[in-house]
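Student: got a predicted model here, sequence first, then my questions.
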Amino acid sequence: MLDSILGLASSPVATLTWWGHELLHWLVTMNAWTGGLLVGAFLLDKALAGRARASWRLALYAPVALRLLLPLSWRIPLAHAPRVVTLLTPLPQGLLPPSTGLPVMHAPAFTWSAALVVAYVAVALVIIAVRLRAYLSLRRELRSARVASAQTGSTNAPCPVLEHEALGPMVVGTIRPRIVLPSLLLSPEQADVLACVLGHESAHVRRGDPWLMAAIQALTVACWPVLPVWFAARRVRSLMEMACDERALEHADTSTRQRYGHALIQLAGWRTVKLRPVGAVELHFGSGLRARIDALASARHWPRVVQAGLVAIAVGGFAACTSVGSSEGTRRQWIAPTRELQTDEDLVAVCGLLLEVQDTSPPHATPVRYRPGALRDGLPPEMVAFCTSPAVSDFVASRAWLTQARNSLALIMYESAKTYMTAAASGRYDLCPSGAPMPKEMPAADMPGDSPKWPDDWNDRAGWECLHFGIAEPTWFQYEYVSDGQHATAKARARRTNYRGEVDEVTLSVSEEVSGVGADRFPKIAPNIEESWVRVP
């Protein structure tokens, strides 16, 4: 998460593009999964209607939310965890300064996937704003509410009961719920209806329905493009009302049920204040009228053990189905290379999308570095973890560190050959004489930037003056040129500390010899710079 936030600041388009690809994949998958779960839950819900209580049937829609909240695959593929590179020993490279051939990655233009993320966030904010407006509207209306008359006290309501001129009957509030009743309902002639209403609204509070409604509201905001969620939320809302009816009529006789049904019909249109354009998480007594009256008339429930068992089996089956068959494992599977990184080409083949070209001109060439925002370009997380591991980062640093020595050795050999050809024109067929190691002591710096030594003596009148070679910049290597006139070897030595705290000494060398006879003699330079690493105890 932190990487994504940092990537959004450093490379917003690349980050949004990655988020867009992930969002599209998630939305397509979730619409398919939740759609199938919703169809199955709804069919079973209808099949159990009249035989199982609505409070039990509510659980049938839990797998829809579970599918949204859990990852696409419930299993954590530990077997696919990235391997850690252990010993990074580069193979010999070419003589001339290496050209990595890495593609230059430019910042992309604003893409459709980035626009998808922006649209997703924008619509979610609009929904939040609309619901916030409804909530504030409800609060303004409730300012004129007052504590209900004493006749409601005998109902043993679990929360305060308020009276309002127009609003209600309903439950408002989540942390501190309140029952709101319209003034018309508190008249003496409405005593029977009042008892039905208070029994129903009290059931909402005792069941914790305000918390469930708040969770549904949050889920529909976060997952607004997942259409099955909206249908599931509507059905759950209807079942909540039926469940409260069942609780209010737990031990009621036939006449009480009839009065309750008449109360539903009478109060269905009592809400006179419109909280536009949507509700504010309030729970109304008169919602879902027809389905609730049908439920009152056809309640022939099976034993509770049977109801609970059937619903539990169904929910368990739906939940189990959501944990298998996901494409996440296949789509995300990425195995780190079985062999160690050895060359720049290996690095490009494995982590090329994470790299970009830098200036490779001597003496401070940095062949590769991580591209800003690349961690958000839709790459498998295992690949990102591998390519940004300390071992690979150390490898990248070592390649940049070695470029200075490679360029310098190539220049030494080039100057040696040029001096030989110049001298051969006057009849001298010898390579330049040896030069003392420069600087005289091997620099102690571990990595570039760690206070390298400044060369203070490149004026050796033998080898270095003959080669026309010197370094006027900081160096992390000690150079040596040894020659017997017909054979010559140039070496660069340095020590560095790797990411594990181990000290390695690296030696790069390239050789040259005079070939041919007489005037046909010419300097022949070895095709590769040899590179060797030795662990220093």
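Tutor: Great, that's in hand.
Student: residue 479 touches residue 507, doesn't it?
Tutor: No. Here residue 479 does not reach residue 507: they are 11.2 Å apart, not a contact under Cβ atoms under 8 Å. C-beta: built from backbone N, CA, C; applies to glycine.
Student: intersection of neighbour lists for the two?
Tutor: Common neighbours of residue 479 and residue 507 (criterion: Cβ atoms under 8 Å, 6 or more residues apart in numbering): 491-492.
Student: tally of neighbours for residue 46?
Tutor: 10 (other Cβ atoms under 10 Å).
Student: cool, and residue 126?
Tutor: The burial count for residue 126: 12, using other Cβ under 10 Å.
Student: which stretch of helix or strand covers residue 228?
Tutor: For residue 228, the host element (DSSP states H and E) is helix 227-248.
Student: so which residues of the stretch 101-250 of the chain form helices?
Tutor: 112-142, 191-207, 209-222, 227-248 (DSSP state H, counting those that start in this stretch).
Student: and the longest one, what does it pack onto?
Tutor: This points to helix 112-142. helix 12-48, strand 161-164, helix 209-222 (3 or more Cβ pairs under 8 Å, 6 or more residues apart in numbering; DSSP states H and E).
Student: tell me, which strand in this protein spans the most residues?
Tutor: strand 503-515 (DSSP state E).
Student: against which helices or strands is that strand packed?
Tutor: Judged by 3+ Cβ pairs under 8 Å, 6+ apart, strand 503-515 is in contact with helix 390-424, strand 487-497, strand 522-525, strand 528-535.
Student: might you list the low-confidence residue ranges for the stretch 401-537 of the chain?
Tutor: Residue ranges of the stretch 401-537 of the chain with pLDDT under 70: 444-459, 461, 473-474, 499.
Student: same thing but 50
Tutor: Scanning the stretch 401-537 of the chain for pLDDT under 50 picks out 448-449.
Student: just the stretch 251-400 of the chain next, same as before
Tutor: Applying pLDDT under 50 to the stretch 251-400 of the chain flags residues 272-278, 324-332, 338-339, 357-368, 372, 374-376.
Student: if we can go back for a sec, let me have the helices and strands packed on strand 503-515 in TSV, adding distance to residue 292 and mean neighbour count as columns.
Tutor: Listed next are the helices and strands packed on strand 503-515 as TSV, based on distance: least, Cβ to Cβ, whole Å; neighbours: other Cβ atoms under 10 Å:
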stretch	distance to residue 292	mean neighbour count
helix 390-424	63	20
strand 487-497	75	21
strand 522-525	93	16
strand 528-535	79	15
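Student: got these as TSV, with distance to residue 261 columns?
Tutor: Shown next, in TSV, are those (distance: least, Cβ to Cβ, whole Å):
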stretch	distance to residue 261
helix 390-424	71
strand 487-497	83
strand 522-525	102
strand 528-535	88
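Student: re earlier: any idea which of the helices and strands packed on helix 112-142 is most buried?
Tutor: The highest mean neighbour count among the helices and strands packed on helix 112-142, using mean count of other Cβ atoms under 10 Å, belongs to strand 161-164: a mean of 20.
Student: elements contacting it?
Tutor: Identification of packing neighbours for strand 161-164 by 3+ Cβ pairs under 8 Å, 6+ apart yields helix 112-142, strand 146-147, strand 178-182.
Student: what's the closest of those to residue 432?
Tutor: Nearest to residue 432, of all these, is helix 112-142, at 59.0 Å by Cβ to Cβ.
Student: report the mean confidence score over the closest one.
Tutor: Helix 112-142 shows an average pLDDT of 91 in the prediction.
Student: buried stuff in it?
Tutor: 113-114, 116-117, 120, 124, 127, 131, 134-135, 138, 141-142 (16 or more other Cβ atoms under 10 Å).
Student: farthest-apart pair in the residues you listed, please.
Tutor: Greatest spacing in these, by Cβ to Cβ: 113 and 142 (43.9 Å).
Student: returning to what we had before: any idea which of the buried residues of helix 112-142 is closest to residue 41?
Tutor: Closest to residue 41, out of all of the buried residues of helix 112-142 and judged by Cβ to Cβ, is residue 127, at 24.0 Å.
Student: wait, the closest one touches residue 219, no?
Tutor: No. Using Cβ under 8 Å, residue 127 is not in contact with residue 219; the gap is 11.6 Å.
Student: mutual contacts of those two, please.
Tutor: Common neighbours of residue 127 and residue 219, using Cβ under 8 Å, 6+ apart, do not exist here.
Student: as CSV, the helices and strands packed on helix 112-142 with distance to residue 537 and mean pLDDT would be great.
Tutor: Shown next, in CSV, are the helices and strands packed on helix 112-142 (distance: least, Cβ to Cβ, whole Å; pLDDT from 0 to 100):
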stretch, distance to residue 537, mean pLDDT
helix 12-48, 45, 85
strand 161-164, 82, 90
helix 209-222, 58, 93
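Student: JSON lines for the buried residues of helix 112-142, including distance to residue 176?
Tutor: Formatted as JSON lines, the buried residues of helix 112-142 follow (distance: Cβ to Cβ, whole Å):
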{"residue": "113", "distance to residue 176": "43"}
{"residue": "114", "distance to residue 176": "42"}
{"residue": "116", "distance to residue 176": "39"}
{"residue": "117", "distance to residue 176": "37"}
{"residue": "120", "distance to residue 176": "33"}
{"residue": "124", "distance to residue 176": "27"}
{"residue": "127", "distance to residue 176": "25"}
{"residue": "131", "distance to residue 176": "19"}
{"residue": "134", "distance to residue 176": "19"}
{"residue": "135", "distance to residue 176": "14"}
{"residue": "138", "distance to residue 176": "14"}
{"residue": "141", "distance to residue 176": "17"}
{"residue": "142", "distance to residue 176": "12"}
